[in-house]
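Novice: following is a predicted model, sequence given first.
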Amino acid sequence: MKKPTDFAVLLSGFLTEYLPAQKGASVQTIASYRDTFKLLLRYLRDEKGISPEKVKLATIDASMITGFLKWLESERGCGISTRNQRLAAVRSFFRYAQFEFPENLDSFQKILSLPSKKTTSTVIPYLTADEMRILLSQPDPSTISGRRDLAILCFLYDSGCRVQEMIDLCTGDLIFEPVGIAILHGKGGKTRRVPLEKNTVQLLKRYFADQKLDRTNNAAVFTGNRGNKLTREGVTYIISKYVEPARSAMPSIPERITPHIFRHTRAMVLLQSGVSLIYIRDFLGHTDVKTTEIYAKTDTELKRKAIEGTMPAVFEESGKRDWTENTSLMEWLNELC
């Protein structure tokens, strides 16, 4: 067997040991980082003529990464946000690499100094309280499937959870008495407890009865028609079923609603109700309040636009494997997650 390169060995350790064990990264984060290196290897193969099995640490320098980032935008059609996410993954790898190969510190630090691109500020997509109310009124509570869908939509909104947090929710993570609480398992293995409204608790209790769920067996709470754990695509599909009828009742509702819009909407409603950013930060599971401040900026921007809109009237009147088990680095990356 051909001896793996230093890059292959280091990438294996980074994805299968460092990220999950030392950094506590989620499966989703590891998969995103893996995909970044799949793209980097593809760039090196297609644009530079370097096969994945021949890539060494010395092959990759700051100019190579700069070319890769330009390729992502020009050839792959990636936006600035995606480009910056890929750069963040590369930086994380080379922070790890500098401790394993300190003799290459100068080259690695040049890569770490590559700047992110500034993005133009965008208004966060969210629904008004009335739009959310209309959307939540669409599932039919007289049927088992309708009650399941209603429980899913209400939990997404009430808890402000990320979709993966809801997918990973187990029966033991829900507390109904004396008050409703959901224990969410977020990014980086962090756990937080969020309160649930009485109506959401009643919906969940009925859903538990319909599905014959027991809090003691710690099974997945939300499942598909075949009893399998829901996927992101499955949750998105459930939401999509109710968008068109909701739009018929209120045309201002957008044509496409993602699970994350429920989270944005909950945060905006809390903010507009006078809840402090510190509480909203903890509620959403943000590490830094600066992440939460984007909601305040969005609300301020909307108010500014509303005020500007009145001006004319005044004046006139949005299970890991090791690399060595598969000598093809690209195949190993494909099979990793």
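Specialist: Good, I have the coordinates.

Novice: quick one: the helices in the chain?
Specialist: 6-13, 27-48, 62-74, 80-100, 105-112, 129-136, 144-159, 163-167, 198-211, 232-249, 259-272, 277-284, 289-316, 329-336 (DSSP state H).

Novice: to Lys187, which of those helices lies closest?
Specialist: Of all the helices of the chain, helix 27-48 sits nearest to Lys187, with 7.2 Å by Cβ to Cβ. From N, CA and C alone the C-beta is placed, and that goes for glycine too.

Novice: got the angle between the closest one and helix 62-74?
Specialist: Going by axes from the mean of the first three to the mean of the last three Cα atoms, to 10 degrees, helix 27-48 is angled at 100 degrees with respect to helix 62-74.

Novice: return the set of buried residues in helix 27-48.
Specialist: For helix 27-48, a neighbour-count test (16 or more other Cβ atoms under 10 Å) marks 29-30, 32-41, 43-44 as buried.

Novice: before we move on, what about stretch 186-194?
Specialist: Buried residues in stretch 186-194 (16+ other Cβ under 10 Å): Gly186, Lys187, Val194.

Novice: got a list of what the last one touches?
Specialist: Neighbouring residues of Val194 by Cβ atoms under 8 Å, 6 or more residues apart in numbering: Ser159, Gly160, Cys161, Ile181, Ala182, Leu184, Phe283.

Novice: per-residue pLDDT, the fourth one?
Specialist: In other words, Ile181. For Ile181, the pLDDT comes out at 95.

Novice: what sits against the nearest residue to it once chain neighbours are set aside?
Specialist: Leaving aside its sequence neighbours, Ile181 sits nearest to Ile175 (Cβ to Cβ, 6 or more residues apart in numbering; 4.2 Å). By Cβ under 8 Å, 6+ apart, the contact list for Ile175 reads Ile181, Ala182, Ile183.

Novice: narrow these to those in strands?
Specialist: Applying DSSP state E to those, the entries found in strands are Ile181, Ala182, Ile183.

Novice: how many neighbouring residues does the first one have?
Specialist: One way to gauge burial is a neighbour count; for Ile181, by other Cβ atoms under 10 Å, it gives 16.

Novice: before we move on, back to that, just the contacts of Ile175 now: which is nearest Asn225?
Specialist: Once Cβ to Cβ is applied, the member of the contacts of Ile175 that ends up nearest Asn225 is Ala182, at 23.6 Å.

Novice: my guess is the closest one contacts Ser159. True?
Specialist: Yes: taking contacts as Cβ atoms under 8 Å, Ala182 lies within contact range of Ser159: 5.1 Å.

Novice: what's the overlap in contacts for those two?
Specialist: Common neighbours of Ala182 and Ser159 (Cβ under 8 Å, 6+ apart) are Val194, Leu196.

Novice: could you list the low-pLDDT ranges of the protein?
Specialist: Applying pLDDT under 70 to the chain flags residues 1, 120-123, 299-327, 336-337.

Novice: okay, which residue is most central for it?
Specialist: By Cα atoms, centre = their mean, the chain has its centre lying nearest to Arg162, at 6.8 Å.

Novice: brilliant, that's me finished.
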